[in-house]
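K.L.:
take this sequence and fold it.
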Amino acid sequence: MMQSRRRRSGLLACALAIGLFVCGSARSTRAERDAPLFHDSHFHLTNYVQEGPTAAQFLEIMGSAVGRSTLFGIPLQQTWSHSNSGDFAPTYYLHSDAPLYYYSFTDAYIAMQFRSLTPEQQARFDPMITGFNPADMYAADHIRRVLKTFPGIFSGIGEFTIHKEFVSSKLAGGPASLADPAIDRILALAAETGLVVLLHNDIDVPFAKQGAAPAYLDQLKDAFRRHPGATLIWAHVGLGRVIHPVQAQAGAPPSERNPRHREIIAAILEDPGLRHVLLDLSWDEVAKYLLSTPEATRATAELINAHPDRFLFGTDNVAPPDQATHLAIYRSYAPLWKQLTPAARRKVLFENYERIFDAARVRVRAWERAHLGRPSS
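P.N.:
Below you'll find the model as predicted:
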C-alpha cells in the first residue's frame, strides 16, 4: 500500500513537471511568435497619388510583427495629364511621362493621421517631414513651420530625394543638387532641431560605364561632412532599380581601378568625418543586388558585422494592402539575417532604430519647447 501511494505520488509529480514544461514551452513559443520581427526605418503610408491605408489600418497590418515604424508619405504627386495618358490614371512615376510635383499637404495629412491615434498607438510611430522641394531655399522654412504647427509629432525629415533614377528628370521646375545651398539649410536645421534625416541620393547615374568613378559620390560625402551635427541616413546604400553596385574596371591595373561598392561603403564607415552617417537597407530592388549571389550576401554580412551600429532596416513599402505584402521585404533578406551575428542582427533590426529615434524625440521636443514657448505634447 505504501509503495502504491509512493508510486502514485511520483507519477503525479512527474505529470506536474511535464505539464509545467509543456505549458512553459507553449508560453515561450507564443511569446516568440508574438514578438516583433523588426522596427521599420523606411515606410511610406501613401503612394504617388496620395492614396493608402489610414494610420489605424496600417497598425492592423503591422500587428505584432512590426514593433515601431517611421511614418511618411510620398513628397511627390504624379500628374494625371489627359493629353499624355488619356483616361488611364497613373499611380506610379513609371506609369506616365507627365511631370511630378511637390505635394506639401502630405505633412499635414501625416500629422492628422498620427493625431487620430491613441497615445499608446502613437508611441509606435516616428512621423517624418517630407513635403518640401529640396531645391528651394525656403524648404528649411517649411520644415520649421511644420514643427511649429504640429508640435509633439515629428521625429525626422525624409525620405526626400536629390538624385534618383527616372524621378529627378521628371520634377517640375528641375532637379535638386547636392551643391545647392538649399540642401545646407535643410541639413543645418536638422542638426539644430535633432530631426533625423533620411536622404535618397543614387551613387551614380543609370547605366553607368563599368569602372568609371560614381557620379555623385564625392558631392554626397562633401555634403555629409559639412553637417557633422546632423544624424544622416543614406537610403538604399546608394543603389536603385538600375543603379547597380559600383564595379572595378575589368582589366585595368590595380593602380587605375576605382574602388568597388563594398570598398566605398567600408571607407565611409571608417571615415572619422562621417561617423554621423548611417546606411539604410531597404527596397526589394536593393535586395536583388545585396543578395544576388552567396558571395555578395557574405560580403554584405561581413560589412554589417564589422560595423553593426551603422545600419538600419526598412521595408520602403508604399501603402501596402496587407501584412503578407508588408513582411515580404523583410523575409526576402532572410539569407542576410542568417549570416549576421545575433548582436549585429538585433542592432540592425531593433536597437539602432531605438537609439536614433528615441534621441530624436527628446531633442526635437526640447527644440519645440524652446521655440514655441509652451510644452509640446
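K.L.:
name the SS class of Thr91, please.
P.N.:
The local conformation at Thr91, judged by DSSP: H, G, I helix; E, B strand; the rest coil, is coil.
K.L.:
contacting residues around the closest residue to it other than its chain neighbours?
P.N.:
Spatial nearest neighbour of Thr91, chain neighbours left out: Val49 (5.1 Å); criterion: Cβ to Cβ, 6 or more residues apart in numbering. C-beta here means a position set from N, CA and C on the backbone, and glycine is covered the same way. By Cβ atoms under 8 Å, 6 or more residues apart in numbering, the contact list for Val49 reads 77-78, 80, 89-91.
K.L.:
before we move on, what about His142?
P.N.:
Residues in contact with His142 (Cβ under 8 Å, 6+ apart) are 104, 129, 131-132, 136.
K.L.:
widest-spaced pair of the residues you listed?
P.N.:
Largest separation among the contacts of His142 by Cβ to Cβ: Ile129 and Asp136, giving 13.9 Å.
K.L.:
looking at these two, which is more packed in?
P.N.:
Using other Cβ atoms under 10 Å as the criterion, Ile129 and Asp136 rank with Ile129 on top: 29 against 17.
K.L.:
got the CA positions of stretch 350-362 in PDB?
P.N.:
Extracted in PDB, the C-alpha atoms of stretch 350-362 (Å, rounded to 0.1, in the frame of the first residue of the first chain):
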ATOM      1  CA  PHE A 350      15.800  47.000 -33.400                       C
ATOM      2  CA  GLU A 351      18.500  48.700 -31.400                       C
ATOM      3  CA  ASN A 352      19.800  51.200 -33.900                       C
ATOM      4  CA  TYR A 353      16.300  52.400 -34.600                       C
ATOM      5  CA  GLU A 354      15.600  52.800 -30.900                       C
ATOM      6  CA  ARG A 355      18.800  54.600 -30.200                       C
ATOM      7  CA  ILE A 356      18.500  57.100 -33.100                       C
ATOM      8  CA  PHE A 357      14.800  57.800 -33.000                       C
ATOM      9  CA  ASP A 358      14.500  57.900 -29.200                       C
ATOM     10  CA  ALA A 359      17.200  60.500 -29.100                       C
ATOM     11  CA  ALA A 360      15.500  62.500 -31.900                       C
ATOM     12  CA  ARG A 361      12.200  62.500 -29.900                       C
ATOM     13  CA  VAL A 362      14.000  64.000 -27.000                       C
END
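K.L.:
mind listing what's buried along it?
P.N.:
350-353, 356-357, 360-361 (16 or more other Cβ atoms under 10 Å).
K.L.:
distance from the chain centre to it, please.
P.N.:
Centroid separation for stretch 350-362 versus its chain: 13 Å, with Cα atoms, centre = their mean, to the nearest Å.
K.L.:
so what touches that stretch?
P.N.:
Against stretch 350-362 from outside (Cβ under 8 Å, 6+ apart): 36, 38-39, 41, 67-68, 70, 126, 155-156, 194-196, 231, 233, 278, 308-312.
K.L.:
try 7 Å
P.N.:
The contact list for stretch 350-362, computed with Cβ atoms under 7 Å, 6 or more residues apart in numbering, reads 38-39, 41, 67-68, 126, 155-156, 194-196, 231, 309, 311-312.
K.L.:
do stretch 78-96 as well
P.N.:
So stretch 78-96 is contacted by 47-49, 97-101, 166-167, 170 (Cβ under 7 Å, 6+ apart).
K.L.:
now with 6 Å, please.
P.N.:
Residues external to stretch 78-96 that are found in contact with it (Cβ atoms under 6 Å, 6 or more residues apart in numbering): 48-49, 97-100, 167.
K.L.:
need these in a markdown table with distance to Thr293, pLDDT and secondary structure, can you?
P.N.:
Output for those, formatted as a markdown table (distance: Cβ to Cβ, whole Å; pLDDT from 0 to 100; DSSP: H, G, I helix; E, B strand; the rest coil):
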| residue | distance to Thr293 | pLDDT | secondary structure |
| --- | --- | --- | --- |
| Tyr48 | 32 | 93 | coil |
| Val49 | 37 | 94 | coil |
| Asp97 | 35 | 91 | coil |
| Ala98 | 38 | 94 | coil |
| Pro99 | 38 | 92 | coil |
| Leu100 | 35 | 94 | strand |
| Val167 | 28 | 93 | coil |
